[in-house]
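Peer 1: show me the folded form of this:
(2 chains)
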Amino acid sequence: AQSVTQLGSHVSVSEGALVLLRCNYSSSVPPYLFWYVQYPNQGLQLLLKYTSAATLVKGINGFEAEFKKSETSFHLTKPSAHMSDAAEYFCAVSDQYAAGNKLTFGGGTRVLVKP
Amino acid sequence: AAGVIQSPRHLIKEKRETATLKCYPIPRHDTVYWYQQGPGQDPQFLISFYEKMQSDKGSIPDRFSAQQFSDYHSELNMSSLELGDSALYFCASSQHGQGGGEQYFGPGTRLTVT
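Peer 2: The predicted structure is shown next:
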């Protein structure tokens, strides 16, 4: 079984400040890890993914995440927040070896960007 | 680029009615997933299909059924609707064997049961 825990359901940052969203996972098999962003009343858009290649993954919109196996973490960062980053962010895990590759999501973190 | 298409985008039904949601995957994608997202909640996996066969099953109620057709589109059939079925239903698609297993999500169907 797999699970994801996102620390902090709400994060408030100032425009231009560092964005740090925390994600810890649990998996009995090597995982694939993902970060998705969801804007109000919209679907989920893939930001980035970890697939057992490089541990530091760069994604769209200036986001990046680092896979740390020893800490079972996959935290998402962005050096400088922009107003357009206000959204909900979901960390997700899937099983590399499963036929279905279903995603198990964390509870989400809503980001508020203050001017 | 073509994306996942879901129809309808909004649906209002009464209790005990039935609903059918449709999903058209990205061209050449052979795997379809259905997720349910309740208000203020994270998406929960319902069911998936690969090459028209069910590949995995999650927390899908027995009142729901789904299938994937020869053109790879999928339909989620929901019967005896309950108030608690009100949610955003997402379909996602992927290409089997593609490294990373990334899924591309549609815009969702918002189902309201009154």
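
Peer 1: thought A:N61 was touching A:Y89?
Peer 2: No: between A:N61 and A:Y89 there is no contact under C-beta atoms under 8 Å: 11.2 Å. Every C-beta, even on glycine, is put in place using the N, C-alpha and C of the backbone.

Peer 1: between the two, which is the more surrounded one?
Peer 2: The neighbour count for A:N61 versus A:Y89, taken as other C-beta atoms under 10 Å in any protein chain shown, is higher for A:Y89 (23 against 12).

Peer 1: in a strand, that one, correct?
Peer 2: Yes: with DSSP: H, G, I helix; E, B strand; the rest coil as the criterion, A:Y89 is part of a strand.

Peer 1: for B:A66, which non-adjacent residue is closest in space?
Peer 2: Nearest residue to B:A66 in three dimensions, chain neighbours excluded: B:L76, at 4.7 Å (C-beta to C-beta, 6 or more residues apart in numbering or on different chains).

Peer 1: up against chain A, what does chain B have?
Peer 2: Contact residues, chain B versus chain A (C-beta under 8 Å from any C-beta of the partner chain): B:4, B:31, B:33, B:35, B:41-45, B:48, B:50, B:55-56, B:58, B:90, B:92, B:94, B:99-108, B:110.

Peer 1: now the buried members of those.
Peer 2: B:4, B:31, B:33, B:35, B:42-45, B:48, B:50, B:55-56, B:58, B:90, B:92, B:94, B:100-108, B:110 (16 or more other C-beta atoms under 10 Å in any protein chain shown).

Peer 1: so which of the residues you listed sit within strands?
Peer 2: B:31, B:33, B:35, B:44-45, B:48, B:50, B:55-56, B:90, B:92, B:94, B:104-105, B:110 (DSSP state E).

Peer 1: and the closest residue to chain A within chain B, how far from A:K78?
Peer 2: Residue of chain B nearest chain A, by C-beta to the nearest C-beta: B:D56 (3.0 Å). Distance of B:D56 to A:K78, computed by C-beta to C-beta, to the nearest Å: 33 Å.

Peer 1: give the residues shared as contacts by A:N61 and A:Y89.
Peer 2: Shared contacts of A:N61 and A:Y89, defined by C-beta atoms under 8 Å, 6 or more residues apart in numbering or on different chains, comprise A:37, A:47.
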